[in-house]
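Participant: Build me a model from this:
(chains A and B)
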Amino acid sequence: MSDFTSGFWNIFITVLTLVSIFGCGALLWSQSKHKVKLDADGVPVKTTGHVWDEDLTELNTPMPGWWMWLFYITIVFALIYLTLYPGLGTYAGKLGWKSSTAYQEELKKADAEYGPLFAKYLKQDLKTVAADPQAHLMGERMFLTYCAQCHGSDARGSKGFPNLTDHDWLYGGEPETIKTSILEGRNGVMPSMAAALGSDKDIKNVATYVASLSGVEGDPVKTVLGKAKFGACAACHGADGRGNQALGAPNLTDHIWLHGSADNPMEIIMESIRNGRNNKMPAFRDFLGEPKVHVLAAYVWSLSNEPGSEAQK
Amino acid sequence: MKTAPDDVAVIKMYASREEIYPREASGRYASLRWLCVWLTQLVFYGLPWLQWNGRQAVLFDLAARKFYIFGIVLWPQDFIYLAVLLIICAYALFLVTAIAGRVWCGFACPQTVYTELFLWIERRIEGTRSARMRLARQPWSIQKIAKKTAKHTAWGTVALWTGISFVGYFTPIRSLLQEAAGLSLGPWEWFWVVFYSFATYGNAGWLREQVCKYMCPYARFQSAMLDKDTLVITYDTARGEPRSSARRVTDAPAKAATVNAAVATAAASPPPGDCIDCSMCVQVCPVGIDIRNGLQYECIGCAACIDACNSVMDKTGAPRGLIRYSSEHAMTEGWSIAQIRRHVMRPRVLIYSGLLLIIISVFFSSLFFRTQVKLDVIRDRGAFGREVEGGMIENVYRLQIMNTSEAPHRYRISVSGIDSIVLATPDEVMLDGASSRAVPVRVQVKRGQGKAGSNKISFVLQADDDPRLHVTESAVFLASKMP
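Facilitator: Residues are numbered from 1 along each chain as shown, chains lettered A, B, ... in the order given. Below is the predicted model:
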């Protein structure tokens, strides 16, 4: 009801509702009896007195009385309902019912039912959880529900969304690190380097050098010139371009390109340098809670690791 | 004193119900109705107790969204079967109505069946029609209170058992009964047990014919299925009229005071009909109508009046069938029984039966031949075909696999439709009985094969241990343009 900024509409709805309800009652009352003429012997005629087409008359075949009472009961019910539950403008109802609290109660109920299942795994080490077949199925189901929209059903990601099945990790592939990524989310920011590098030519040179780090052969002169300018990038990506997981700076020397490489690697790299990148992985702590994320993180970790062998070490 | 015609009176548009005390009828049709009561109630009360494969044979598990009917397990995807089943029921009702009017109402409708049961209890406790009417007029006494209490307790017991049996179709009845005994039912179970019990008690004990007259929608449109050849319960006016309450005194003129008076009486009145105006047909009628007034929408076709009239005809020595199943045509044209029979097979009936036969055979054959595994293929919406190592184009799908049989199975997934199409993920998946699982799969095609854009492919799921468990589902593979 907060959408209604004017008090007029609250009053309008309240009045309309109450007038309709009492109007129905009045109509019912007024129609439950009917005046008819008496015949020559002083006995009421058996018709209602309605006549059409000169001689077509309506017989009075009364409905059973309980039928009428059912109508009255619905009116009483409506009034009781509107007293207990919200329905009259901003009036909240005696029971204080709200859809949001009802939702929270449903959540609480579900947590009470499934909570112990997750609590059991929360006590276990992530690698042990990853080796549990039941936890694996639970993780898979949660992944398909919450993660597959961005990372794909197969967890291999797509342009802008990291592949979770390889060994290349922006923030580190340890189970605990994965769990932190899911719980707290990540904010991958690469600033625009256009100002630091200078002209478009310089950007192209740096891009050629960056591409050469993972084996894409380019103009050797541009590569050398680009390498000279790479110092601006080294702060995050390291002098050797191997990235920095503490910052979430990608490794530039593998063949993995988060923003794609198939169509035109040079264009994409240049675009990253020129405009920067802003990647956001949302935080799931508030939404899923730690116990669920625990199982989920174990599943994600197992996608790129053989869980059984690791757990035994 | 005469009142002037323009005087007015106030009449009520709603009237209180007039209690009907139907007299017990016995005869061919009463026995038939009791047979129906026995058959339907044996099935209704008994079915939840049968076991099958270590579970309840018939169970509509709403919480798990699975319907178990003996060897059949129906999933929400099988909803079409329920729809077709309802269509079959509707057509069967149309067919039966076209042939013989409201026989469903009079013999098999739950309203009739439970009213019959409740009336039986009422008769055992309160006695015959006249005894019940006398009891109703009596002032309250210990004896009256005792009888009424006994009746309502008996009704309540039957109603409660009906409610428990009903809920027993939706939650296992054996544990339900234990929980009910310990008063530890869940809120919804409580609600439905009480609701259904109360509905039974109210409908069969109190409302009775009012359900048929005022509430039942079928009563309102059944006349659309009737025609002049439909068998309906009819009073043979030609044979019965004029009624004479003193039929046995037909030789009265001879005993009359004067010959002249006797002659005068005989000449003034035509020979009396077979109806002796004993009103037995009215007394047995559960909806309280007089069938001699012709076909009325209130008539539920229970044939109690036929039974009653036949027994009276036997006593008076007149032939049976003054009230009988007959058609409007038969009455106006004076048809014989053979002629009536010949007119049963008319276009309306043939069309109804033909449709019914087709739907029933399609229903059962599809139910019999359906495979107990289901597959939904959902292509990942976010991603197009992508290039992976080895010059392959890859698409990702989510396979929702549902094992609708009750046994666990290992399924093999295969894919076809383009040359060199392969599955890059494990092609085996294990599923427990009556369970489902979403399996992400990757499908690869050599770059350049298939046409650019969308290609039709199909997934096949095959159980290792049973060649009948086999399902094919089509999908689309997106290939990129040739470089």
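Participant: Which parts of the stretch 201-313 of chain A are strands?
Facilitator: A:277-281 (DSSP state E, counting those that start in this stretch).
Participant: can you pull out the helices in it?
Facilitator: Shown for the stretch 201-313 of chain A, the helices assigned by DSSP state H, counting those that start in this stretch span residues A:220-229, A:231-237, A:265-275, A:285-288, A:290-303, A:307-312.
Participant: Regarding whichever residue of the stretch 301-450 of chain B sits closest to chain A, what is its secondary structure?
Facilitator: For the stretch 301-450 of chain B, the residue positioned closest to chain A under C-beta to the nearest C-beta is residue B:440, at a distance of 3.7 Å. Any C-beta I mention is one placed from the backbone N, CA and C, and that applies to glycine too. Assigned by DSSP: H, G, I helix; E, B strand; the rest coil, the conformation of residue B:440 is strand.
Participant: Which strand or helix spans the nearest residue to it once chain neighbours are set aside?
Facilitator: Of all residues not flanking residue B:440 in the chain, residue A:153 sits nearest, at 3.7 Å (C-beta to C-beta, 6 or more residues apart in numbering or on different chains). Taking DSSP states H and E as the definition, residue A:153 sits outside all helices and strands.
Participant: What pLDDT is listed against residue A:153?
Facilitator: Per-residue pLDDT puts residue A:153 at 90.
Participant: Can you name the residues that contact residue B:37?
Facilitator: Listed by C-beta atoms under 8 Å, 6 or more residues apart in numbering or on different chains, the contact set of residue B:37 reads B:113, B:116, B:117.
Participant: Phi first, then psi, for residue A:169.
Facilitator: phi -120, psi 130 (degrees, to the nearest 10).
Participant: Hmm, residue A:245 and it touching each other?
Facilitator: Yes. Counting by C-beta atoms under 8 Å, residue A:245 is a contact partner of residue A:169 at 6.6 Å.
Participant: and for the two, which residues touch both?
Facilitator: With C-beta under 8 Å, 6+ apart, residue A:169 and residue A:245 have common neighbours residue A:177.
Participant: Mind putting the contacts of residue B:37 into a markdown table with pLDDT?
Facilitator: Shown next, in a markdown table, are the contacts of residue B:37 (pLDDT from 0 to 100):
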| residue | pLDDT |
| --- | --- |
| B:113 | 96 |
| B:116 | 95 |
| B:117 | 96 |
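Participant: Out of those residues, list just those in helices.
Facilitator: Among the contacts of residue B:37, the members found in helices (DSSP state H) are B:113, B:116, B:117.
Participant: Any chance of TSV for these, columns distance to residue A:98?
Facilitator: Putting the ones in helices among the contacts of residue B:37 into TSV (distance: C-beta to C-beta, whole Å) gives the following:
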residue	distance to residue A:98
B:113	46
B:116	49
B:117	47
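Participant: residues from chain B in reach of chain A?
Facilitator: When proximity is defined as C-beta under 8 Å from any C-beta of the partner chain, chain B approaches chain A at B:1-3, B:5-17, B:210, B:214, B:380, B:382-383, B:386-387, B:396-398, B:425, B:437-438, B:440-442.
Participant: Quick one: buried ones out of these?
Facilitator: B:11, B:14, B:17, B:210, B:214, B:380, B:382-383, B:386-387, B:396-398, B:425, B:437-438, B:440-442 (16 or more other C-beta atoms under 10 Å in any protein chain shown).
Participant: What's the local residue count around the closest residue to residue B:225 other than its chain neighbours?
Facilitator: Once flanking residues are discounted, residue B:225 sits nearest to residue B:97: 4.1 Å by C-beta to C-beta, 6+ apart. Using other C-beta atoms under 10 Å in any protein chain shown, residue B:97 is surrounded by 23 other residues.
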